[in-house]
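Chemist: A predicted structure for the sequence below; I have some questions about it.
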Amino acid sequence: MKRFPLPALGILITVITLQRCAPKAELPHTYPANGNTDLRGDFTAQFQRGEKLYGLNCGGCHNKRVNGRTVIPDFSAPQLLDYEMRTQYPSHGEKLHDSRVSKEELDDIQVFLLHRRPSGHPISPPPVPGPPPKMN
Amino acid sequence: MGRSFEGADRSRTGTYRPSLKAMRPLNICALAILVLSSAAIAPAPVEEPYQARYAHCLGDLRTQLQALSVAIGDMKRTDANSVSSIRSSIHTTRRALKAFDLWARYLDPINHRRLNGPLPVEWETEVFEKYEKPYRREGAGLTLAELYLDEAGCEKDSLLRLVSASLTALGSYEADSVTTHLSTPDHFLFCNRLMLLNLAAIYTTGFECPDTTRVIPELRDMLAELRTSTEAFNSTFPEAALPRVYAERLAAAIGFVNAQPSAYSAFDHFTFIRDHISPLFGMNQEHIRSTGARSRSWMDYSLNNNARSIFAKDLYIGQDAKGVFRRVDDPNVLAEVRRLGHTLFMDPLLSGNNERSCASCHRPEMCFTDTVLVTPIAFDHKGSLPRNAPSLVNADLNHLLMQDGRHIALQTQAHAVLTAPTEMGAEPNTTLKKVMDCPEYRQAFSALLRHTPTRPEVSMDHLLSAITLYYSSLSVYASTFDDAMNHATTADDAVRQGFNLFMSKAQCATCHFVPHFNGVKPPYIGSEFEVIGVPEDLAYAMLSDDAGRFDVNPAEETLHAFRTGGLRNIARTAPYMHNGVFPTLREVIDLYDAGGGAGHGLDVANQTLSSYSLDLSDNDKLRLEAFMRSLNEDLPAQARLPLPASKNKELNARRPGGIY
């Protein structure tokens, strides 16, 4: 009996895996309905920057642990106040100062948060930090 | 992306913002309605001493403003007694305002300006307006009313309008969005902090008190009111009460001021700030930190909770000097960024002709300006640039950058200079390529990429951010004056007297604000622009024809206006003014002494400086100079860094620092 060549098996598996992955390769966001299609590339780049920046600047306080997984909660447009987020939510303080997150970066983060696929987990504000422990 | 902003009509506090246009024409009938309606919505009685105190001060101010409005309605312009009774009514109302000021400024800064804005027309920007277009707003309030009363053509209706606008603005302080702050203690510490800072920088200088004989009497009233409010706070919020040492220091401050002469020129501003206000500020800061109080106002958003005194270097979290490296905290990485910034600063490779570097005009041995050339030579060597190159030491303390406030960020400013055909004549992509053709730069910047995860490739922004971080790190040592204010050294008598003059008779501090002595009003809001009538030459033959701020924001008020410069290291950065017209500080002082360009007989229609002489004696001038010299900071020694070799051999003959 002729043996099935191993390389062929490899290719077969790869093709099947690729096909199965195809739907996942779709972008993890929805492009604005009225968006200019010429700007799709810019939008994607901004979205991806926003994703990284969210992780660097916000995730530490806002992400949730759900069944052992890290979940990004769903922020809504009225909650995202552009640069006024810096002061409207007092916990942000220096953490969101423009020497820490620039206005452009906040815009990127907003694009990410508003266009990503919702996780289904509403934002519940993280516990407000109390006064620092007393010295001496 | 983000939201769009309507600028002028948008209230940033979420409280309502009345339109001034709607107020006019305001007749007696409307006034009556106003008086009645505001009486009808008086705040409900409250039990706690603190809230009661707030309601009392607010109510008192309203009553006074109403009485003033009625008095203005009855005023007879030609009757001197009638006019002088209006004046004294303004003074009584000011007193009520000073009691309420503690809250007014912090809880609703926009409406505070309608209670006591200093300018007839305001144009400029505040913290977050950095991102918005400047818009024009009519001034209102008591300071303007008093000034207007003295004008020959003073009209009843216009005077009434200034006061009515205040009365309307007062309504905001009853809105739930404002009063909700009163139920918890945090806001008080921030209100108090602003108050203390302004006691040092604004209230003792005559900035908002046109009748300077009243500056110290008003200060006495204000401190007494502050003490009463502080006591009310302590009793309502015992868990957040300020410590007893604070109350003692406040009492000492009151004792000090009461024992001082009433003339603000004889008042010891130096001791008042050093021994009283700055320590109170430090204790309040300590209290903010230990109680974990958090602010929610954009007003004090740049005030650093960790700053220990008014004269601490880190008082403001100012410009973003780190740029793309903004989230880097590791001191070793920052040192590397700085080293690269330093090398680039000295490297003529950055310019279009590989000859000029940043250091060509901002010369490290000359305090990062050029003390020899009046204005820099143009890139093509045909003529000179119109404006003097400023020092870069402490440039990051500015709010808006350049003498016309053209830029809001250090990195955009650097980019603009680099690519300006008259300055460094570079083409950004070529510059980046030239830099990256030096293996040493390439390696070093590539190694930094892991600290800029959203920027996977080395870009111009990486280079510019390294440069801005480099020069923003030059100011590391305190000046003798800061040391004296922080009790680390004592100051010479001449310095103390010079500072006292600066704060009073010489009127300098009404534009060069404590503690950085630049035009950034505490707590780091807006860059102020002034028209002072700088001449084209020393003979005052004509006004400098540089349009200044007008180039950026054309308006009647901005023609020939320039951003108020900082005075740190000023003795080392001659020549002075936007065009470098004055070779020494003495000529600058003489300009002010004579009442600016207008005082020198030039036609400066919109001069913002009084055209009267300050009447400074020679001795006064020497002391002012002594004070300014005490603002010199030692600069760290600059290492000589070799320039990285380029793959392009021709470029390897370039000299660190470049040539002109």
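Modeler: Received it, and whenever you're ready, just let me know what you need.
Chemist: Give me the pLDDT value at the nearest residue to B:Gly565 once chain neighbours are set aside.
Modeler: Distances taken as C-beta to C-beta, 6 or more residues apart in numbering or on different chains place B:Asn518 nearest to B:Gly565, at 6.4 Å, with adjacent residues excluded. (Glycine included, C-beta is placed from N, CA and C.) B:Asn518 carries a pLDDT value of 96.
Chemist: Show me what B:Asn518 bridges to in the sheet.
Modeler: Beta-bridge pairing for B:Asn518 (DSSP bridges): B:Phe513.
Chemist: which residues touch it?
Modeler: B:Leu397, B:Asn398, B:His512, B:Thr564, B:Gly565, B:Gly566, B:Leu567, B:Arg568 (C-beta atoms under 8 Å, 6 or more residues apart in numbering or on different chains).
Chemist: For the third one, which residues are in contact?
Modeler: Residues in contact with B:His512, defined by C-beta under 8 Å, 6+ apart, are B:Phe502, B:Asn518, B:Gly519, B:Thr564, B:Gly566, B:Leu567.
Chemist: And it, how far from B:Ile570?
Modeler: 10 Å (C-beta to C-beta, to the nearest Å).
Chemist: Spell out which parts of chain A neighbour chain B.
Modeler: A:46, A:49, A:52-53, A:56-57, A:81-84, A:86-91, A:93-94, A:97-103, A:105-108, A:110-111, A:129-132, A:134 (C-beta under 8 Å from any C-beta of the partner chain).
Chemist: okay but B:Phe207 is in contact with B:Thr510, surely?
Modeler: Yes. Using C-beta atoms under 8 Å, B:Phe207 is in contact with B:Thr510, at 4.6 Å.
Chemist: Which elements pack onto the helix or strand where A:Ile109 lies?
Modeler: Using DSSP states H and E, A:Ile109 sits in helix A:103-115. Judged by 3 or more C-beta pairs under 8 Å, 6 or more residues apart in numbering or on different chains; DSSP states H and E, the packing partners of helix A:103-115 are helix A:40-57.
Chemist: Can you dump the C-alpha atoms of the helix it packs on in PDB for me?
Modeler: What follows is helix A:40-57, C-alpha atoms only, in PDB (Å, rounded to 0.1, in the frame of the first residue of the first chain):
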ATOM      1  CA  ARG A  40     -10.100  52.600   5.900                       C
ATOM      2  CA  GLY A  41      -6.400  52.100   6.200                       C
ATOM      3  CA  ASP A  42      -6.000  55.100   8.500                       C
ATOM      4  CA  PHE A  43      -8.900  54.000  10.500                       C
ATOM      5  CA  THR A  44      -7.400  50.500  11.000                       C
ATOM      6  CA  ALA A  45      -4.000  52.000  12.000                       C
ATOM      7  CA  GLN A  46      -5.700  54.300  14.500                       C
ATOM      8  CA  PHE A  47      -7.800  51.500  15.800                       C
ATOM      9  CA  GLN A  48      -4.700  49.300  16.400                       C
ATOM     10  CA  ARG A  49      -2.800  52.200  18.000                       C
ATOM     11  CA  GLY A  50      -5.800  52.800  20.200                       C
ATOM     12  CA  GLU A  51      -5.800  49.100  21.200                       C
ATOM     13  CA  LYS A  52      -2.200  49.300  22.300                       C
ATOM     14  CA  LEU A  53      -2.700  52.600  24.000                       C
ATOM     15  CA  TYR A  54      -5.700  51.400  25.900                       C
ATOM     16  CA  GLY A  55      -3.700  48.500  27.200                       C
ATOM     17  CA  LEU A  56      -0.900  50.800  28.300                       C
ATOM     18  CA  ASN A  57      -3.000  53.600  29.800                       C
END
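Chemist: how about the helices in the stretch 351-500 of chain B?
Modeler: Using DSSP state H, counting those that start in this stretch, the helices of the stretch 351-500 of chain B run over B:358-361, B:410-419, B:428-436, B:439-448, B:460-472, B:480-485, B:493-503.
Chemist: Run the chain-centre distance for the second one.
Modeler: What that stands for is helix B:410-419. With C-alpha atoms, centre = their mean, to the nearest Å as the basis, helix B:410-419 stands 23 Å off its chain's centre.
Chemist: which residues sit against that helix?
Modeler: B:319-321, B:323, B:350-351, B:358, B:395-396, B:401-402, B:406-407, B:423-428, B:431, B:460-461, B:464-465, B:467-468, B:472.
Chemist: Check the longest one too.
Modeler: With contact meaning C-beta under 8 Å, 6+ apart, helix B:460-472 is reached by B:319, B:321-325, B:334, B:337-338, B:340-342, B:344-345, B:350, B:358, B:362, B:368, B:392-393, B:395-396, B:410-411, B:414-415, B:418, B:428, B:431-432, B:435, B:445, B:448, B:452, B:455.
Chemist: give me that answer again for 7 Å
Modeler: For helix B:460-472, contacts defined as C-beta atoms under 7 Å, 6 or more residues apart in numbering or on different chains pick out B:321-325, B:337-338, B:340-342, B:344-345, B:358, B:368, B:392, B:395-396, B:410-411, B:414-415, B:428, B:432, B:435, B:445, B:448, B:452, B:455.
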